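*Asks:* let's see this in three dimensions:
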Amino acid sequence: MTPLVWVLLFAAAVGGGAMNAVAGGGSFLTFPALLFSNVAPIQANATSAAALWPGSAASSAGYRNDIKRAPRRLVLSLSAAALLGGIVGALLLLRTPQSTFRALVPWLLLGATLVFAFGPPVTRALRSRHLHMPLGMLVLLQLAIATYGGFFGGGMGIMMLAAYSAFGLEDIPMMNGIKSIMGMLLNAVAIIAFVIAGVVEWPFALVMVAGSLVGGYAGAHYGRRVPQAWMRAFIIAVGAVLSTYFFFA
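*Replies:* Got it, this is the predicted structure:
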């Protein structure tokens, strides 16, 4: 790994950690940075997940008081779905040929970009309608989102918020807390599968873990000064550029 690659990966992880602390979408920087560093697509996805997990796990602790307000049955049901979906998604990824996953990359990036673009308005619309989805349906949705999260994961946080709004939750800090915990759980089991399968590129991952922790700390302390709309516009622009690049690369 050349010094230039070290700098690229560290910088991408700093940006990704900061983005996750403020609005999500950190993998939009870390995953492509690994691809540009000649890491194979499946290894890049696994390494990106491992690199960003410590920062997201640390930020989840900040929601512990909000989580306490959530119904215990709801949290336990969603946690079970998140754990199961995370491992299923990871196993699906590990069984996918590199060439197939490489062909899916631009579509996955485009899909995640569209979620970032249209997810918040959909979530607000669902919240305004005061919908009340049955718990069983919400658990199935959480399972599906977690499976996607274990496989790729871009935009899954917004998907979870939309699902919780459709269930009828309106306490935004509590919803963010549940989303954060579910993301931590599903990524944890996915990463365990990736480690066992030997697809995490540790020299790259360790550099990026350091960067993501720096970015996560900075994002948590200074990110509130940046309007959410600006950050979301930046993420959408990055996703659009990267999607276009990988469609034609």
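*Asks:* return the set of buried residues in stretch 40-56.
*Replies:* The neighbour-count check on stretch 40-56 (16 or more other Cβ atoms under 10 Å) flags 40-53, 55-56 as buried. Backbone N, C-alpha and C define where each C-beta goes, glycine included.
*Asks:* could you do stretch 203-217 as well?
*Replies:* 204-205, 207-217.
*Asks:* now, which of those residues lie within helices?
*Replies:* Among the buried residues of stretch 203-217, DSSP state H puts 204-205, 207-217 in helices.
*Asks:* which of the residues you listed sits closest to Arg232?
*Replies:* Gly215 (17.1 Å; Cβ to Cβ).
*Asks:* quick one on the thing from earlier: nearest to Ser77 among the ones in helices among the buried residues of stretch 203-217?
*Replies:* Of all those, Ser77 sits closest to Gly216, with 28.4 Å by Cβ to Cβ.
*Asks:* give me the subset of the buried residues of stretch 40-56 lying in helices.
*Replies:* Among the buried residues of stretch 40-56, the members falling in helices (DSSP H) are 41-53, 55-56.
*Asks:* what's the closest of those to Ile178?
*Replies:* The closest of those to Ile178 turns out to be Ser56 (Cβ to Cβ; 13.8 Å).
*Asks:* pretty sure the closest one sits against Ser180.
*Replies:* Yes - the pair Ser56 / Ser180 is scored as a contact, 7.1 Å apart, by Cβ atoms under 8 Å.
*Asks:* got a list of contacts for the helix or strand containing Ala11?
*Replies:* Take DSSP states H and E as the rule and Ala11 turns out to sit in helix 3-22. For helix 3-22, contacts defined as Cβ atoms under 8 Å, 6 or more residues apart in numbering pick out 25-30, 32-34, 36-37, 48, 51-52, 55-56, 59, 204, 207-220, 223-224, 226, 228, 231, 235.
*Asks:* contact partners for the residue nearest to Gly55 when sequence neighbours are not counted?
*Replies:* Counting by Cβ to Cβ, 6 or more residues apart in numbering, Gly55 lies nearest to Gly216, which is 3.5 Å off, once chain neighbours are set aside. Gly216 makes contact with 17-18, 20-21, 55-56, 58-59 under the criterion Cβ under 8 Å, 6+ apart.
*Asks:* 7 Å - rerun?
*Replies:* When contacts are counted by Cβ atoms under 7 Å, 6 or more residues apart in numbering, Gly216 touches 17-18, 20-21, 55, 58-59.
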